[in-house]
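*Asks:* Can you look at this prediction? I've put the sequence above it.
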Amino acid sequence: METSPFLVDGNNPYFFSGTAPLNEKIYGFSTDLGDVDSYYLDARPGETYLISVSGVGADIFDPKLVIRNRAGEVVASSSGMPGSYDPVISFKPELGGGYKIDVVNEDDISGSFPFVFSIQEGSYSNPYSRSYHALTDPITGLQDLETKASFDSAIGDSVLTKKELENLLYSAGDGGEVSAQEFNDLRVISGNLSSYLAPDTATYYQQIFDNVVLGSVANAHYTGGDLQSQALGDLQAGSSSEHLDQLIGKWFLGSDLPSPLLPGDAAAGKKDKIGVYAFAHGPLFSGPIEFSDINQGNLGDCWFLAATASIASHKPETIRNLFIDNGDGTYGIRFQAVTREWESKSTSHYWVTVNRQLPVLQFDPKMLLGVGSTPAKSPSDEIWPGLLEKAAAQASEMGIFEAIRGIDNNTNSYNSLQGGLAEGLLILQPSYLVNGTSNPRRSSIYSSGIVRSLNSWQEWNSFLSSYQAAIASGNGPAVIGSDVITDTALDSRPQSSSSVDLGFINSHAYGLVGKGDVTSELVIYNPWGPTGHSGFGPFVSPFAVSAASYYSKIVDQKANAISFSLN
C-alpha cells in the first residue's frame, strides 16, 4: 500500500509502515456525527505502539479510537483517557501485519475540528503521559482553521520540506474544492515562505510553491505524457481538488510529462517516433560527469546536447549543480532565463521538477528513446542526461527560451527542442555568447554587439586566441554548428581520434571538448556518442582537427559557426 500525501477523510488513509512515519503527528479533520478518518499500521508482533488522538478538535468533539485486524474484528478501542476526551490505546499485537485504525466522531456536532493523530513506538509505563498539543499561528493573517493546523503541523522544526509543502497544499483541497479563505491563506503563506525554507533549496521550493498558488503561464495546460495537452489554468478560489492535484503533480511530483512524440533527427536520417513512458532505475550520477555521457537519441536536439557535452567536459560541476535530489524519486532542475539583450548576463533561475519516467521504444522498453548516458541508452544507466533533456522540454512551456530560440513552440513537448543553434550554452549557464562566423542565418539571432565575423586568416587566429584565453580562465564550453557535409565518403573516414578528416554533417551541432592548444588543434565531440554507425555510415567521436584544416574547409566557406561562452 502506498503512503497518501495527507489524511483528508476516510477515503484517503494514511499508511504507517516500519519506523516512518511512526512518531510523527499527523493532522486529520472531523466534521459530522459518524465521520471516520482511517489509518493503517503495519505492526510488528510483540512491539508496543502508543496510539492517540489529541488537539483542539479532540477537546470539542468526542472522538473514539477503534483498531481492527484484517478480518475486520475489533481488537482494541478507547473513548477517552482518564479526565479527558482524548482517546489513547497502548497496543501490543500478538500477530504482526496490517491493522486498520479508525477515528470516529461520536458527537452530534457539525463543523471542522482538527485533531492530531499519532503512533509512537516503545514501551510506556504510563500510556497517558504526553504533552498537550495546541494550535499556533506563526504567520499573522491565516484565517482558515484547517490551514492553520496544517501549517502548524508542518513547521515543527521551523524548516519546511518539500513533502510538508505538498501536504500543506493538499490540505487546501480536502473539502472537494479550494475555498476562498483557503486560497487567500495559501497566498499569505507564499509571501512569508522564505523564512521557513533551507538556504540550499529555498529558491526552488519557493518558486514551485508560487507556481501552484500564484500562477504560471505553464499552468495553462496539463499534458501528463499524452500526445495532446488539456486545458488546466491557474489555481483560484473554487478550484476543485482534482485541479489542485494536477498543479501539485506538475510542479512538485514531475507528473506533467512532455508529449512523447520525439521528432526524428534529420542529420542522422531518423524518422519521428512516439515513445511510451517507463521508470528509469539507474542512478542520477555514476562516477565523474564526462562528455561521453551524452549519446543522442531519436530527437534532433544536437544543439542542446552539444552544449551539454562541452560543459560536461570543461565545467562538470556546472552540470551537477543544475540538479537537486529531493530524495523521493523526483529532482529539481534549474535553467537560465535569457533576454534578447545578451550583453547583460542573466541571473534568473527557473526550476522544473521531473520524476524518473523517461520515454522508451514502445517495443523495446530496455532502450531510451531520448538521450542516454551510454550508447546502449539503457534506463538502468545513469539518468542525468535523460532527465535534463526531459526537463528542458517541460521548461519550454514557461516561455523562458523564446527570446533566444526564435521559435513559437512553448509547449510541454520534446518537439519544442527540435532544431537549434548555440543557445544551449545560455540555457544551461550564465554566458556571454560569441559567434565565430559571419554566416547570415546564424548571425541574425545574435545581438550585434557580440557577433564576431571572421573574414580572414588573421581574424580566425585572433578568434582562436580568444577561445584559448577562455579555456585558461575556466570558460571553455563551446559549440560548433555545421551547414555543410564536408566529406561525403563517410564510410571510408579513418576511425581514429586524431583524424583530421572532419566529416561534418549538414545541420548538425558538435561540442568542443578539447583542453589542449586550440590554436593548433580543436577536439570535437559528436553528440551522437562515441565512434559508431549512423544512418549515413560510421562516424568518429571525438576527433581532432587542425586549425588550418578547419579554416580552409569550414570558416573560409562561411559554412559553419563556432559559439563559445565568456562568463
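*Replies:* Ah, there it is.
*Asks:* The closest residue to K390 other than its chain neighbours - how many residues pack around it?
*Replies:* Once flanking residues are discounted, K390 sits nearest to V354: 5.5 Å by C-beta to C-beta, 6 or more residues apart in numbering. C-betas here are computed from N, CA, C, even on glycine. Neighbourhood size, V354 [other C-beta atoms under 10 Å]: 28.
*Asks:* Quick one: residues contacting V354.
*Replies:* 254, 330-331, 333, 387, 390-391, 394 (C-beta atoms under 8 Å, 6 or more residues apart in numbering).
*Asks:* Now intersect those with the helices, please.
*Replies:* 387, 390-391, 394 (DSSP state H).
*Asks:* quick one: which of those residues has the most company?
*Replies:* Greatest neighbour count in the ones in helices among the contacts of V354, by other C-beta under 10 Å, goes to K390: 28 neighbours.
*Asks:* Do I have it right that that one meets P260?
*Replies:* No. Applying C-beta atoms under 8 Å as the test, K390 and P260 come out as separate, 10.2 Å apart.
*Asks:* Quick check: neighbours shared by these two?
*Replies:* Joint contacts of K390 and P260 (C-beta under 8 Å, 6+ apart) are Y414.
*Asks:* could you give the mean pLDDT of whichever strand or helix holds V354?
*Replies:* Assessed by DSSP states H and E, V354 sits inside strand 349-355. In this model, strand 349-355 carries a mean pLDDT of 95.
*Asks:* buried stuff in that strand?
*Replies:* Under the neighbour-count criterion of 16 or more other C-beta atoms under 10 Å, strand 349-355 has 350-355 buried.
*Asks:* Could you export those as CSV, including distance to L369?
*Replies:* As requested, these are exported to CSV (distance: C-beta to C-beta, whole Å):
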residue, distance to L369
Y350, 25
W351, 25
V352, 20
T353, 21
V354, 16
N355, 17
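*Asks:* Grab the two from those residues that are most spread out in space.
*Replies:* Maximum pairwise distance among those (C-beta to C-beta): 18.2 Å, between Y350 and N355.
*Asks:* For the helix or strand hosting V360, name the packing helices and strands.
*Replies:* Secondary structure assignment for V360, by DSSP H and E: strand 357-361. Judged by 3 or more C-beta pairs under 8 Å, 6 or more residues apart in numbering; DSSP states H and E, strand 357-361 is in contact with strand 276-279, strand 364-368, helix 384-395.
*Asks:* so what's the residue most central in space within the chain up against?
*Replies:* Geometric centre of the chain, nearest residue: T353, 2.2 Å, by C-alpha atoms, centre = their mean. Shown in contact with T353 (C-beta under 8 Å, 6+ apart): 208, 251-254, 326, 330-333.
*Asks:* Next, count neighbours for I324.
*Replies:* Neighbours of I324 using other C-beta under 10 Å come to 19.
*Asks:* tell me the contacts of Q207?
*Replies:* Applying C-beta under 8 Å, 6+ apart to Q207 gives the contacts 350-351.
*Asks:* and if we set it to 10 Å?
*Replies:* 214, 216, 251, 332, 334, 349-352 (C-beta atoms under 10 Å, 6 or more residues apart in numbering).
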